[in-house]
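Peer 1: I would like to see how this sequence folds:
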Amino acid sequence: MKQSRAALALRLMREAKWNIINVAVTQGSLEERKASRLEECARPDYLGFGLETTAPGGLSGVRPTTRAKDPQAWSGMVEISPRCSKTSTESRFLSHQLDWNQTHIGTHLLVIDALKLAKKYPLRRHRNGVLGPDAIAELDGGIFGH
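Peer 2: Numbering: from 1, shown residues only. Model prediction:
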């Protein structure tokens, strides 16, 4: 989870008593770091966030080009991303679709497609200019109101 989104999630966890779940979609781009990154996130003292994974070792090829050129592979990734659209989730914090990193953009699109599949899209969007274009929170209510 990027620092800007993690900071907001940490504040919501501490001040509003939200249960925060970090969904490790890709587990990073460096193959040799994936296992250790997942171990770090799974430690109970890691910010206090819960952790869920999408697949062993994370998903690969989570990019807009995969979505455009390989719809079969993309739909498989969407279908195994259930936490992205789980009913009890009040808010989702995800990469912005205008991020420069293609995997971050792909993660954004993956979550949006999972929400559409679960018939939970569109949602209200809340932007915080202080966090910059990298941060967008997809909300269906919660403490941000209507």
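
Peer 1: where does the most centrally placed residue in the chain land on pLDDT?
Peer 2: In the chain, the centroid-proximal residue (Cα atoms, centre = their mean) is residue 94; its distance is 4.3 Å. Model confidence at residue 94, given as pLDDT, is 74.

Peer 1: ok, residue 42 next?
Peer 2: For residue 42, pLDDT reads 86.

Peer 1: could you count how many residues lie near it?
Peer 2: Here the count is done by other Cβ atoms under 10 Å, and residue 42 has 14 residues near it. Every residue, glycine included, has its C-beta placed from N, CA and C.

Peer 1: counting neighbours, which bits of the lengthiest helix in the chain end up buried?
Peer 2: Using DSSP state H, we find that the single longest helix of the chain is helix 102-117. Going by neighbour count (16 or more other Cβ atoms under 10 Å), the buried part of helix 102-117 is 103-115, 117.

Peer 1: mind checking how far the host helix or strand of the residue nearest to the centre of the chain is from the chain centre?
Peer 2: Per DSSP states H and E, residue 94 falls inside strand 91-95. Relative to its chain's centre, strand 91-95 lies at 5 Å (Cα atoms, centre = their mean, to the nearest Å).
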